[in-house]
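Engineer: Provided below for reference: sequence and predicted model.
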Amino acid sequence: MTRKQKRGVFIGFIFAAAALGVFAVLASLNSAIAYFYTPSDLQKLAKPPAGVIRLGGLVKQGSVAYPGGSTTVQFVVADKFAQTRVTYNGILPDLFREGQGVVVEGKLEPDGSVEASQVLAKHDEKYMPKELADALKKQGVWQEKNAPHS
Amino acid sequence: MIADLANPERFERFVKPFWLTASALAVILLALGFYFGLFHSPADYQQGDTVRIMYVHVPAAMMSMACYTAMAVASIVGFVWKHPLADVAAKASAPIGAVFTALALVTGSLWGKPMWGAWWVWDARLTSELILFFIYIGYIAIWEAVDDKIRAARLAAIVAIVGFVNIPIIKFSVDWWNSLHQGESIFRRGGPTIDGSMLLPLFLMIGAYMMVYAALLVPAMKNELSARRIARLERMGGVSGVRPE
Amino acid sequence: MKTFLAIILRDVTLGFRAGGGATQAAMFFALVSLVFALAIGPEPARLSALAAPILWAGALLSALVSLDRIFQSDYEDGTLDVLVETADLLELRVLAKAAAHWLSSLLPLIVAVPLFALLLNLPVEGYWPLLASLLVGTPALSLIGALAAALTLALRRASILVSILAAPLYAPALIFGVGAAEAGAAGAPSFVPTLLLVAASSLFALVFAPLAGAAAIRFNMS
């Protein structure tokens, strides 16, 4: 092969590799590569993962309970299609509340619930003053899901 | 004309008004930003006063990427057109960018402990930002390790250009993966999801950080130009330790 | 093409000769696995959960310590001058060097992985995912390593700098590699997509490492 042909082949090879790489990324982005599993992901697993897992979702409204008045808290993490019970003994972060996104780290029990060793609150991208939030709630125009664009 | 600016004295004369403006603006904007951020903006409905960390954290994170981008662009210019001023600009940007990165990591950590409940999590945004810090370190290290300035500039440029792949990963990590870190709040479709009263201090601080970058970059570039001039004169003199007037 | 294969053949042969270092990389890999196992303790459940990350980290560290062999001795004895002078396309020679590094330093180690996985109690269903992720991901280690080695060619005592330069770029292959191995072992649906990201890390390394490595060698030799 001449020098020129070699260069042509090499450039073609580079472009092919780059295109394949981009294709691989795009193909993988269609499915969730997660920092955490959602409750529906957990249901879909062929076999429950051993060891520590992370579970992400919203704390279900009205599900937070302190059985026996102890420091142990129980709540339900839910997404659109499924939910998982969580038990946790420890300090909850400031942002933890019902309806809030959380990521729970812990062990999956045989009954499908999670024994959490750590609870992380996920903050959304909304920022607004407390007074405004209160006023909106009072006026009844408050929506938990869609953020204010004020 | 641009080539002449590689001369330290001419460079200084040329950029002095620019530097003075940037420094003055940096001081004013920082003062205003801190005033509004700390005293004259509301507490968040969920985060309370902890939201104020955002005014230090978000601009630092933005500038950590902006500095790297500037460094990569300067590296490409230096690589292609072999202009010393571009090499010097890239080299001078690196420590500033590394400090912004460290600041973003530390303030983010301070925010994360009360809000998320953890100082640090290995999610995509945090990990890629930490990797950015190490790329800065590698870039600075190769400048330190190679004695010949011209060779060092070319090799460091390769590091900067290759490392640039990390920047879009940081930027889009919160969209591509289920990360714990929240998504984009300012530059998003449908407008920012930050209330106007909080956007003001945030934008003041973003402006302030940009001016801080400019105000630090200019003297760093001047020092590097002078150091090169001294090294050249020493080489020409043939005796090390001879200081030119 | 003939030179390309000849360079690979030469480097691999040299690597497997006594003192060539291919065995050293495997020994180092064994050492890393042993150190981790001792540090974690003999509890089988803990070891088996950590087996895949340990073996991936071991592969990464073995790659790091063997990087200086890619160009260093050739640079010192002048072979590299010949390789650069006679090259139609230096990029291809860098690629050949990286391929030889993978064949002589990392492939033997992957072959030995089942043995170490056994010692670390890796569950049976974790073997294939781990081997697949290593096979797909370790080429990125050699390619990026070749670039780092090319950058630090003319420096003495560059081994720490090589690691500082290469390690951040190793992160995607490591993170996704371990992720794919664990997802595969758990039977999670994210196994194939994660493996695709591992492949993407290697493919992107394949794109930029020869180009950037060749540029670095030219600057270092000029």
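Structural biologist: Nice, thanks for sending it over.

Engineer: quick one: buried residues of the one helix or strand A:Gly8 maps to?
Structural biologist: Remark: A:Gly8 resides in helix A:3-29, with elements defined by DSSP states H and E. For helix A:3-29, burial by neighbour count (16 or more other C-beta atoms under 10 Å in any protein chain shown) applies to A:6, A:10, A:13-14, A:17, A:20-21, A:24-25, A:28. Backbone N, C-alpha and C define where each C-beta goes, glycine included.

Engineer: Now for the residues you listed: which two are most distant?
Structural biologist: A:Lys6 and A:Ser28 (32.9 Å; C-beta to C-beta).

Engineer: Could you check how far C:Leu31 is from B:Asp4?
Structural biologist: Distance, C:Leu31 to B:Asp4, using C-beta to C-beta, to the nearest Å: 57 Å.

Engineer: Who has more neighbours out of those two?
Structural biologist: C:Leu31 (13 against 10; other C-beta atoms under 10 Å in any protein chain shown).

Engineer: Let's verify that one: helix, strand, or coil?
Structural biologist: Local secondary structure at C:Leu31 is given as helix here, using DSSP: H, G, I helix; E, B strand; the rest coil.

Engineer: Then the one 5 residues further on?
Structural biologist: When the structure is reduced to helix, strand and coil (three-state DSSP), C:Phe36 reads as helix.

Engineer: Not counting residues beside it along the chain, what's closest to it?
Structural biologist: Leaving aside its chain neighbours, C:Phe36 sits nearest to C:Ile54 (4.5 Å; criterion: C-beta to C-beta, 6 or more residues apart in numbering or on different chains).

Engineer: Dead centre of chain A: give me the residue that sits there.
Structural biologist: Nearest to the geometric centre of chain A sits A:Gly56, at 3.7 Å (C-alpha atoms, centre = their mean).

Engineer: quick revisit: okay, the buried residues of helix A:3-29 in a markdown table with distance to C:Leu118 next?
Structural biologist: Output for these, formatted as a markdown table (distance: C-beta to C-beta, whole Å):
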| residue | distance to C:Leu118 |
| --- | --- |
| A:Lys6 | 45 |
| A:Phe10 | 42 |
| A:Phe13 | 38 |
| A:Ile14 | 40 |
| A:Ala17 | 35 |
| A:Leu20 | 34 |
| A:Gly21 | 34 |
| A:Ala24 | 31 |
| A:Val25 | 34 |
| A:Ser28 | 30 |
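
Engineer: any weak-confidence spans in chain A?
Structural biologist: Applying pLDDT under 70 to chain A flags residues A:1, A:29-35, A:46-51, A:69-70, A:131, A:135-150.

Engineer: And the strands in it?
Structural biologist: Counting by DSSP state E, the segments of chain A that form strands are A:52-59, A:72-78, A:83-89, A:101-108, A:114-122.

Engineer: among the ones you listed, which is nearest chain C?
Structural biologist: Among the strands of chain A, strand A:52-59 comes nearest to chain C, with 7.9 Å by C-beta to the nearest C-beta.

Engineer: Residues touching that closest one, excluding its own?
Structural biologist: Contacts to strand A:52-59, defined as C-beta atoms under 8 Å, 6 or more residues apart in numbering or on different chains, come from residues A:34-39, A:42, A:75-79, A:83-84, A:86, A:96-108, A:114, A:117, A:122, B:178, C:49.

Engineer: Buried among these? Need that as a selection in ChimeraX.
Structural biologist: The buried residues among the contacts of strand A:52-59 can be selected in ChimeraX (16+ other C-beta under 10 Å) with this line:
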select /A:34,35,36,37,38,39,42,75,76,77,78,79,83,84,86,96,100,101,102,103,104,105,106,108,114,122 /B:178 /C:49
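
Engineer: List, one by one, the residues from chain C near chain A.
Structural biologist: Within chain C, the positions adjacent to chain A are C:1, C:45, C:48-49, C:88-89, C:91-92, C:123, C:125, C:176, C:179, C:182, C:186-190, C:192-194, C:196-197, C:199-200, C:203-204, C:206-207, C:210-211 by C-beta under 8 Å from any C-beta of the partner chain.
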